[in-house]
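*Asks:* here is the input, now give the coordinates:
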Amino acid sequence: MSPLRGWGRAVLLTLALWSAGCGGLREWWHNGWKVGPNYVQPSAAVASQWHEGDDPHLQTGPVDRPDWWTVFEDPVLSRLIESAHRQNLDLRAAGTRVLQTRAQRDLVAGNLFPQSQQALGAYGHAQLSKNLGLPLGPYVNLWASGLPVSWEIDFWGRFRRALESADANRDAATDGYNDALVLLLADTAETYVQIRVFQERLRYARRNVEIQRGSLKLAETRFKEGATSQLDVRQARSSLNQTEALVPPLLTGLRQANNRLCLLLGAPPNDLLAELGEASIPVAPTSVAAGIPAELLRRRPDVRRAEREAAAQSAQIGVAASDLYPRFALFGFLGYTADDFKDIFAMRSFTGLLLPNFQWPILNYGRLNNNIRVQRARFQEKVLNYRQTVLRSAQEVENGLVAFSQAWDQVRHLQESVEDSEAAVELALVQYREGNVDFNRVYNLQAVLTTQQDQLAVARGNIALQLIATFKALGGGWELFHDRASLAACP
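*Replies:* Numbers count the residues shown, from 1 in each chain. This is a model prediction of the structure:
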């Protein structure tokens with residue numbers, strides 16, 4: 001029997017066995033000559049509308065602001081966003097991971113062509129047994145030069161499934177880069193707002209220090225005049241020291257936020273405050289467009305990445321399933337061989353060789369089937385992770401929306417409270433100067449005013465911070481910067 005006939009019988013035997021036990025030729029043909037399942041995007045539970053849909057601070061229109069930070073109309077913030085995008089090292093590292101997966105994909109694609117082709121030059125010398133009765137004699141010399149080629153035919157789709165997996169991994173890495181970009185933009189904006197909040201709190205604290213220093217002088221004057229006891233002086237000094245004690249931790253927080261911003265900008269710690277200057281807390285718009293929950297499947301990069309990771313793992317099931325069947329390959333050689341170097345390139349020395357072959361792992365003790373089970377279980381894990389990512393993304397948006405809405409109400413009440421407290425402190429000081437009230441009333445009102453003003457600054461910052469958190473949860477910003485130039489800039 002010729003080798004080609006035996007090779008063909010092996011193919012027919014394989015097809016017969018596989019048709020009987022593994023879904024048949026129809027599925028193999030339907031899948032494009034590939035074993036294993038064709039990937040279908042998993043379903044995920046999403047709500048039809050946001051829970052806060054009736055809130056006046058929420059717009060149900062589409063999200064059409066990829067440059068969402070511009071809603072604050074703060075040129076300093078916009079400049080920081082641009083700098084962070086250019087200079088942040090974590091983002092550039094994410095870009096290099098995209099470049100890696102692109103190159104890895106091209107490596108996998110190369111397996112669709114002959115896997116081994118190389119120029120060969122060789123010399124061999126052998127001494128054979130005289131008892132073999134060979135006409136060549138006991139000594140053999142062999143000179144060879146040519147092109148050996150080895151090609152495993154992708155009969156079961158092993159290489160094509162691997163390419164599908166590599167394509168999905170490349171897409172997942174790209175979405176990972178986009179996700180890192182979303183986080184970077186939000187972290188930069190949040191840190192900038194925190195700096196402005198610390199500056200606002202410091203302004204309130206220092207203003208109250210000056211007011212309470214005046215109250216202390218007033219108490220000392222009235223004590224010297226014999227109008228009050230030393231108790232008023234002690235209370236005034238205690239109130240002043242307590243307010244002055246608020247300044248050091250605020251300065252610490254301000255410097256730490258400055259250092260955090262330096263890290264986001266890819267720079268060593270330095271004083272950015274001189275460049276940023278003094279400014280008020282960025283003013284947020286009173287409403288935000290959040291679209292509908294189903295848009296998160298398309299817009300959020302982490303959701304897209306989780307889905308692509310599931311697709312990559314699905315293809316690995318087919319790669320594992322292909323190991324159940326024989327691998328068909330061709331080995332060929334074109335070149336020249338001779339027993340003397342001077343004859344190696346003569347026309348009579350031309351040599352051609354074609355060697356079909358197959359390899360079929362048998363007696364694998366269930367290892368191949370168990371590997372398929374492992375890949376299927378990993379795929380289920382990826383599917384569950386995708387669904388959990390969808391749920392978590394919706395939760396983050398809902399949390400951001402409700403916090404943004406309630407922050408407006410909190411600021412409104414605190415603003416009214418601060419205005420009343422400021423008026424009360426001024427009135428109490430007038431009455432104390434005239435001797436109509438004791439200093440205890442002034443002491444209590446000034447303490448309340450200091451606390452309320454600090455809370456008001458924090459609440460104003462929370463409006464901006466919660467809006468930023470909402471934009472981050474919506475997955476905004478990456479569309480504006482997502483281009484090949486961004487990735488090409490990676491070292």
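*Asks:* need the pLDDT of the closest residue in space to Q59 that isn't next to it in sequence.
*Replies:* Of all residues not flanking Q59 in the chain, A289 sits nearest, at 4.2 Å (Cβ to Cβ, 6 or more residues apart in numbering). Where C-beta positions appear, they are placed from N, C-alpha and C, glycine not excepted. Looking at A289, its pLDDT reads 74.
*Asks:* and T14, by the same measure?
*Replies:* 52.
*Asks:* let me know how buried the residue nearest to Q59 is, in neighbour terms.
*Replies:* 15 (other Cβ atoms under 10 Å).
*Asks:* make sure it is actually in contact with P62.
*Replies:* Yes - using Cβ atoms under 8 Å, A289 is in contact with P62, at 6.8 Å.
*Asks:* assumed F333 was part of a strand.
*Replies:* Yes - per DSSP: H, G, I helix; E, B strand; the rest coil, F333 lies within a strand segment.
*Asks:* so what's it closest to, chain neighbours aside?
*Replies:* Per Cβ to Cβ, 6+ apart, closest to F333 is L353, 4.1 Å.
*Asks:* and for A267?
*Replies:* Using Cβ to Cβ, 6+ apart, the closest residue to A267 is Q87 (7.0 Å).
*Asks:* per-residue pLDDT of the one you found, please?
*Replies:* Value for Q87, per-residue pLDDT: 93.
*Asks:* if I look at it, how far off is P114?
*Replies:* 45 Å (Cβ to Cβ, to the nearest Å).
*Asks:* follow-up on the earlier one: tell me the phi and psi of the residue nearest to Q59?
*Replies:* phi -90, psi 120 (degrees, to the nearest 10).
*Asks:* ok, longest strand in this protein?
*Replies:* strand 139-152 (DSSP state E).
*Asks:* buried ones in it, by neighbour count?
*Replies:* Buried residues in strand 139-152, counted by 16 or more other Cβ atoms under 10 Å: 143-146, 148-152.
*Asks:* can I assume Y336 sits in a helix?
*Replies:* No - Y336 is assigned strand when assessed by three-state DSSP, not a helix.
*Asks:* before we move on, back to that, dump the buried residues of strand 139-152 into TSV; add distance to L264 as well.
*Replies:* Below are these laid out as TSV (distance: Cβ to Cβ, whole Å):
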residue	distance to L264
W143	66
A144	62
S145	60
G146	59
P148	55
V149	53
S150	51
W151	51
E152	49
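*Asks:* show me the shaky parts of the stretch 1-150 of the chain.
*Replies:* 1-26, 52-55, 60-61, 63-64, 133-137 (pLDDT under 70).
*Asks:* for it, just list every one of the strands.
*Replies:* Counting by DSSP state E, counting those that start in this stretch, the segments of the stretch 1-150 of the chain that form strands are 58-59, 116-117, 120-127, 139-152.
*Asks:* need these in a markdown table with distance to R92, can you?
*Replies:* Listed next are the strands of the stretch 1-150 of the chain as a markdown table, based on distance: least, Cβ to Cβ, whole Å:
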| stretch | distance to R92 |
| --- | --- |
| strand 58-59 | 35 |
| strand 116-117 | 36 |
| strand 120-127 | 43 |
| strand 139-152 | 38 |
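*Asks:* between those, which one is closest to D106.
*Replies:* Closest to D106 of the strands of the stretch 1-150 of the chain is strand 116-117 (Cβ to Cβ; 17.0 Å).
*Asks:* for that closest one, which strands pair with it and how are they oriented?
*Replies:* strand 139-152 (antiparallel) (DSSP bridges).
*Asks:* next SSE downstream of the partner strand?
*Replies:* Remark: after strand 139-152, the chain's next helix or strand is helix 158-224, criterion DSSP states H and E.
*Asks:* that following helix to strand 139-152, inter-axis angle?
*Replies:* Interaxial angle of helix 158-224 relative to strand 139-152 (axes from the mean of the first three to the mean of the last three Cα atoms, to 10 degrees): 60 degrees.
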